[in-house]
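[1] Make a model of this:
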Amino acid sequence: MTATDITRVLIVEDSALVRHGIRAALKSEAAGGSVEIIGEADTAGAALIKAPRLRPDVVLLDLRLPDDSGINVCRQLRQLLPDTCVLILTSSTDNALIYETVLAGAHGYLLKEIDPANLIKAIKDGHAGHPVFSGTITTSILNTIRDQHARPDISSGVDLLSPQEMRVLAAIAEGHSNKEIADRMGLSANTVKHYISNLFQKLGVERRAQATALYLTQRPAKQH
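    Down below sits the predicted model:
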């Protein structure tokens, strides 16, 4: 295994007991040495100091920190480290919080009840650029977005997409990488990148997770 095969993780969690559990999970046999914990932070302030210095591939971020909200930290991390994947790891299933994390740029939302094998898979998938949401969380996101009746921009953005852009968006929602989309659709990698840039602009989003949430919200309506 080379250094490029190892996903470097920063844990941001105020509970020492929970940090211990995460360390144990990421150092388990299931990880196979593919995940390396490069640092820990127990406050928002510490996270925003350590993350730019350590430049992790993935940040596991709790929503409730003693000095600030995880949503604010996520938003700042996305500005400081645009190539770093931010995965929320929390016990909260509040729909509004889940939706706000998507808007803040989080790549995924995981519950602390997740088992070690699935946590490791989520970290690797997030590092690879795939949105990471459990089925339950995806449903929560959809229900919250559907409740935003004063948000005409959501549907109008999707309606502006060309058929080819919709196919690319569907592939993104299924978790495919740019290369996989290119191979699947018989396109060049640069063409796929161009389609993604266009559809992100039309949808008013910056991250694959945000685009996925909007696609999943609109897809049922368009199937009727």
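[2] could you say which helix or strand contains Asn198?
    helix 189-203 (DSSP states H and E).
[3] tell me what that helix is packed against?
    helix 152-159, helix 163-173, helix 178-185, helix 208-223 (3 or more C-beta pairs under 8 Å, 6 or more residues apart in numbering; DSSP states H and E). Placement of C-beta: from N, CA and C, glycine included.
[4] Worst mean pLDDT among these?
    Out of the helices and strands packed on helix 189-203, helix 152-159 stands lowest, with a mean of 56 (criterion: mean pLDDT).
[5] Kindly list the single helix or strand of the protein that scores lowest on mean pLDDT.
    Every helix and strand of the chain was ranked by mean pLDDT, DSSP states H and E. The lowest is helix 152-159, at a mean of 56.
[6] before we move on, back to that, quick one: the helix holding Asn198 to helix 163-173, angle?
    Between helix 189-203 and helix 163-173, the angle comes out at 90 degrees (axes from the mean of the first three to the mean of the last three C-alpha atoms, to 10 degrees).
[7] so where's this structure shaky on pLDDT?
    The model of the chain has pLDDT under 70 over residues 1-4, 29-30, 134-157, 216-224.
[8] Got the domain ranges for it?
    Per automatic domain parsing, the domain ranges recorded for the chain read 3-143, 149-219.
[9] okay, these in JSON lines with mean neighbour count next?
    Listed next are the domains of the chain as JSON lines, based on neighbours: other C-beta atoms under 10 Å:
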{"stretch": "domain 3-143", "mean neighbour count": "18"}
{"stretch": "domain 149-219", "mean neighbour count": "17"}
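[10] ok, so what distance separates Gln164 from His194?
    Distance, Gln164 to His194, by C-beta to C-beta, to the nearest Å: 11 Å.
[11] roughly how far apart are the residue nearest to Glu13 when sequence neighbours are not counted and Lys50?
    Leaving aside its chain neighbours, Glu13 sits nearest to Asp62 (4.6 Å; criterion: C-beta to C-beta, 6 or more residues apart in numbering). To Lys50, Asp62 is 15 Å away according to C-beta to C-beta.
[12] same deal with Tyr195?
    36 Å.
[13] cool, Ala96 as well?
    28 Å.
[14] Confirm that Leu10 sits in a helix.
    No. The assignment for Leu10 (DSSP: H, G, I helix; E, B strand; the rest coil) gives strand, which keeps it out of a helix.
[15] Test my guess that it contacts Ala51.
    Yes. The pair Leu10 / Ala51 is scored as a contact, 5.9 Å apart, by C-beta atoms under 8 Å.
[16] Now do the shared contacts for these two.
    With contacts taken as C-beta atoms under 8 Å, 6 or more residues apart in numbering, the residues that reach both Leu10 and Ala51 are 41, 59.
[17] Work out for me the element Ile38 sits within.
    With DSSP H and E as the test, Ile38 turns up in strand 35-41.
[18] Show me what that strand pairs with in its sheet, parallel or antiparallel.
    For strand 35-41, sheet partners with direction are given as strand 7-12 (parallel), following DSSP bridges.
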